[in-house]
Each structure stands twice: as structure tokens, then as C-alpha cells.
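S.K.: pasting the sequence and the predicted coordinates here, then a few questions.
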Amino acid sequence: LVDAAPAGHLAQPVHDVLRRLHFVPVQVQLQENLLGHLLGHGRIAQEMQRNAVNHALVPHHQALEVDCLRNACRDDPYRCCGQACDFLRLSCINTHVRSTSNAKSSPRHGNIRTVLRWTVLLCIPFLLNAEEHWAEIRSGPFEVYSAGGDRPARETINQLEQFRHALGVTLGKDDLPLIWPVRVLIFKNGKQGAGTPPVFAIGRDSYVTANVEDHLADLTRLLIDQNTSRVPPFIEQGLIDVFSTLQVSGTHITVGAPPAQRSRDWARMHLLLCNPDFAGRSRVMISNLEQGSDLAVAYQNAFQKTAAQIEKLVDAELAAGSPGTNTISALALNPNRDFNLESADADSVNLIKADLLLAASAPGAEAAYNALHGPGPAEGLGLLALKSGHKDEARRLFASTIESDSKSARAYVEAAALEPDAAKARKLL
């Protein structure tokens, strides 16, 4: 069906795309009788037979019709909007020519108003087809997906890599790998999507979060747990508290900003990382502890202090009103040059959004997976079934995932855990 007005003249120019409109965010609200309001006439609906050429309801211009532009908008919405703007420019010129050459013609402002109405009409397919654009950056164990443009993505990936580097320097580790990647979603205008939970947790085949700033403590714990051994719990907690407020600005890393609640564990590690007498030697202490040394020996080897002397200094650290900060040498990274930004596939992003709901045990995860196709969504549904205690359904879904040649190790691990036949379970692993 075509909805056209019984008056006015519709032009159809075809010109180059206006590239500057490519990233314009648009909000669309559906309204009743939209065309009638735009065109100022009652609606006329008539079935279109094949193309719109020479149809009585749609006046043509140089043998090009509204239906042609409608098809172009469906195939390329950006070209559509460009053509509509060209139509506005050319139609205004034609209106001027008609109004100056024919004194009995309609008032000029009325014609321009009609032109504007048609321009909005021609842009409707562009507005309806405009989709959220996501960009993707990967580095080390981190993957950042941004709908807010490339700058937030580059800043976030730089922050994550500088953070990982700073913790590695503190622990005396050249690299801090992770078993599962960390995926970060950055929504447009910094706002999370409806129903998106504030979480940092394992989802389907990765850790997922939509706000890394609020989960630096979780990231610290994850990196420490997977890259150290035999570190006393109070030393680990102190590191987590200190790094939860780590600040990264380009190639400047600042450590030591106080958290909301200052604990003794925090004060101890703040002393060892920010006091000029001890800074830079924490890696010796961590190395000694990992090799099985007592804390007293580790203190002595790293700082030439006894445990009692360190604890006395911790008391003074807690009593200090304004604890100082320190800097850690950063990686020489240029966020605009050293990270490769790519366009993210919409289905991949929607799958990560579903994983975020799964990680938070939030409602809507099942519907989000069911809206997608492939081994990833099947794996997510299998994990949901497993959480609900439906083991047979979970086995079926994991088998389907594996048969679809899934590359996710999680599917094979979970399928092996559910397999009653030991030989088949070992084969899956």
C-alpha cells in the first residue's frame, strides 16, 4: 500500500550521500495519522501494482517516483536521507522559479511548507532504519564494545591495559593473563540499556560488565587470583582496596586515593605502595610470599623492617588525615594510535547483552537468547537451564552447541560435567 496526498508535486532527485549525517542519533516516536499531519490532507490508500511509475496517486519527476526512493531507503538509509535533502534543495529552487515566473501561483511560503512536509516524509525510512552503531576494540584479555563512539572505547581499553600493567608492576609480574576474557559494554551517552544490571561477573564465555569504573575491585581480585599463589588474605584484600581507586589519565597512573572506607588492610598496602621509603619494593614481598616465606621474612627481605615495625607504621597511616598518593610508571600507549577500532556485529553485541543478564541472574536473559540464533544463544539457554536444575534440557542444549562447532570451552566443560559416561566426558575435554 502507498499513502499519498491528493495535492502537491513530488520530485525525486538522486545525488550523493550526505556523509555528515551518518552518525546522527535519532529518536522515533510512532504517531497515528502521521502522513495526514505532515501533508495537510486526508489519507488515500491504494494498492500499488509493481513499481509506482505513472501511478495516479504519485506524480513523477523525470520518470522517478516515490516508490523508487522508498526502495532506495530500504537498501541504503543514508543514501535516502541524502536524496531527501537534495530534494529539499532542488524543490525550493523550483518553488522560487515558479513563484517568480507565475504571478498567479500559490504563495511561496505555502509551497515551501509543502516541500518541508515531503522532506520529512522522505526521511521517515531513514529514521526507522537507523540502528545503533557499535564499535569494538580488543587488547590482551579485554574487549570493549561502545555505542558511544570511538573515544570512550579507546579511553576504556587504555584504562584497562594501564590498570593491568600497574598491578603487574606491583606484583612483580610481566603479564597478567586471564582464563576468560573481560567484555565491557559502553552504552550511548553513558547510559545503560533498560534492565541492564550493574554487575561484574562470569556470563557465558567471559566476564561482563557495563561499568568498569565501579568494578575495579572485582577486576583486581580476578587478576590477583589467577596470577598469584599463597598470598595472605589481608595482603590480597589490601591490594584490592588500594587498586579499587586507581586513577588512569592517558599515560599517568596514580595510586593511593582513599576509598570510602579506610580499613587496616588498605592502610598497610597504602603504606607499602605510597611511602617513598617502601614504594617499588612490594614485588619482592609478593615473590617471597609466593615462594612460601613467612610474612616476617618477606617484610625483612623487601623493606628491612620487622612485622612489628610495619604494623606500628600502619597505625600512623590510619591516623593520618590526608594520606598521600604515588605514581606508577605507565605503558607508552597512544589510545588513538595503538588500538585497532572495528565495527562490531549487531548479533555479537546482542549476545553479550544477553550474557550480561545471565551473569546477573536478571529477568530477560532467556528472552534475549531466544531472539538470537547460533551456538552462542544455545549455550546461554543451556546455562540458564542448568541454573534452574533442568539438567536434561541443559545437556540437550550443550550438545546442540557443540554440534554447531562452538569455539566456547565453557560448553564442552559443562557438557562433560553432565555426561554420565566417563569415557564420553573425557572425550569432550
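M.R.: That came through fine. Not measured: the values here are computed from a predicted model. Residues are numbered from 1 along each chain as shown.

S.K.: can you name the residues that contact the closest residue to residue 325 other than its chain neighbours?
M.R.: Take residue 325 and drop its neighbours on the chain: the residue closest to it by Cβ to Cβ, 6 or more residues apart in numbering is residue 256, 3.7 Å away. All C-beta atoms are positioned from the backbone trio N, CA, C, and that covers glycine. Residues in contact with residue 256 (Cβ atoms under 8 Å, 6 or more residues apart in numbering) are 242, 245, 270, 273-274, 323-326.

S.K.: buried among these? Need that as a selection in ChimeraX.
M.R.: Listed next is the ChimeraX selection for buried residues among those, using 16 or more other Cβ atoms under 10 Å:
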select :242,245,270,273,274,323,326
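
S.K.: closest to residue 199 among the contacts of residue 256?
M.R.: Lowest distance from residue 199 to the contacts of residue 256 (Cβ to Cβ) belongs to residue 245, with 20.0 Å.

S.K.: the nearest residue to the closest one once chain neighbours are set aside and residue 322, how far apart?
M.R.: Of all residues not flanking residue 245 in the chain, residue 257 sits nearest, at 4.1 Å (Cβ to Cβ, 6+ apart). If you measure residue 257 against residue 322 using Cβ to Cβ, to the nearest Å, the figure is 11 Å.

S.K.: more neighbours: these two, which one.
M.R.: Using other Cβ atoms under 10 Å, the more surrounded residue of residue 257 and residue 322 is residue 257, with 15 against 5.

S.K.: show me what contacts the more buried one?
M.R.: 245-247, 325 are the contacts of residue 257 under Cβ under 8 Å, 6+ apart.

S.K.: ok, the residues you listed vs residue 144, which is closest?
M.R.: Using Cβ to Cβ, the contacts of residue 257 come closest to residue 144 at residue 246, 17.6 Å.

S.K.: name every strand pairing with the helix or strand where residue 253 lies and say which way it goes.
M.R.: Using DSSP states H and E, residue 253 sits in strand 252-255. Under the criterion DSSP bridges, strand 252-255 sits next to strand 247-249 (antiparallel), strand 326-328 (antiparallel) in its sheet.

S.K.: what residues does the first one touch?
M.R.: If you take Cβ under 8 Å, 6+ apart as the criterion, strand 247-249 is touched by 158-159, 162-163, 166, 253-255, 257, 330.

S.K.: can you select the buried ones among those residues for me in ChimeraX?
M.R.: Buried subset of these, written as a ChimeraX selection, criterion 16+ other Cβ under 10 Å:
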select :158,159,162,163,166,253,254,255,330
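
S.K.: tell me which of the contacts of strand 247-249 fall in helices.
M.R.: Counting by DSSP state H, these place 158-159, 162-163, 166 in helices.

S.K.: coming back round to it: tell me the mean pLDDT over the strand holding residue 253?
M.R.: For strand 252-255, mean pLDDT is 97.

S.K.: ok, stretch 409-425 next?
M.R.: Stretch 409-425 shows a mean pLDDT of 93.

S.K.: and that stretch, how far apart are its ends?
M.R.: Distance across stretch 409-425, first residue to last, is 14 Å (Cα to Cα, to the nearest Å).

S.K.: list the buried residues of it.
M.R.: Neighbour-count burial for stretch 409-425 flags 410-412, 414-416, 418-419 (criterion: 16+ other Cβ under 10 Å).

S.K.: ok, those vs residue 189, which is closest?
M.R.: residue 410 (32.5 Å).

S.K.: quick one, what contacts the closest one?
M.R.: Contact analysis of residue 410 by Cβ under 8 Å, 6+ apart lists 204-205, 379, 383.

S.K.: that one and residue 395, how far apart?
M.R.: Relative to residue 395, residue 410 is positioned 14 Å away (Cβ to Cβ).

S.K.: and for residue 358?
M.R.: Going from residue 358 to residue 395 by Cβ to Cβ gives 18 Å.

S.K.: cool, and residue 356?
M.R.: 25 Å.

S.K.: same deal with residue 180?
M.R.: 22 Å.

S.K.: repeat that for residue 281.
M.R.: 52 Å.

S.K.: same drill for those two, tell me which one is more crowded.
M.R.: Between residue 281 and residue 395, counted using other Cβ under 10 Å, the more crowded position is residue 395 (19 against 16).

S.K.: residues touching that one, list them.
M.R.: Going by Cβ under 8 Å, 6+ apart, residue 395 touches 382, 415, 418-419.

S.K.: what about those, which are in helices?
M.R.: Checking these against DSSP H, those in helices are 382, 415, 418.

S.K.: what's stretch 215-224 in contact with?
M.R.: Applying Cβ under 8 Å, 6+ apart, the contact partners of stretch 215-224 are 160, 163-164, 167, 171, 176, 178, 182, 200-201, 207, 209, 212, 231, 236, 239-241, 243-246.

S.K.: hmm, residue 200 is touching residue 207, no?
M.R.: Yes. In this structure residue 200 lies within contact range of residue 207 using Cβ atoms under 8 Å: 6.5 Å.

S.K.: anything in contact with each of these two?
M.R.: With Cβ under 8 Å, 6+ apart, residue 200 and residue 207 have no common neighbours.

S.K.: flag the shaky bits of the protein, pLDDT-wise.
M.R.: Within the chain, the stretches with pLDDT under 70 are 1-131, 190-196.

S.K.: ok, residue 320 - how many residues close by?
M.R.: 13.
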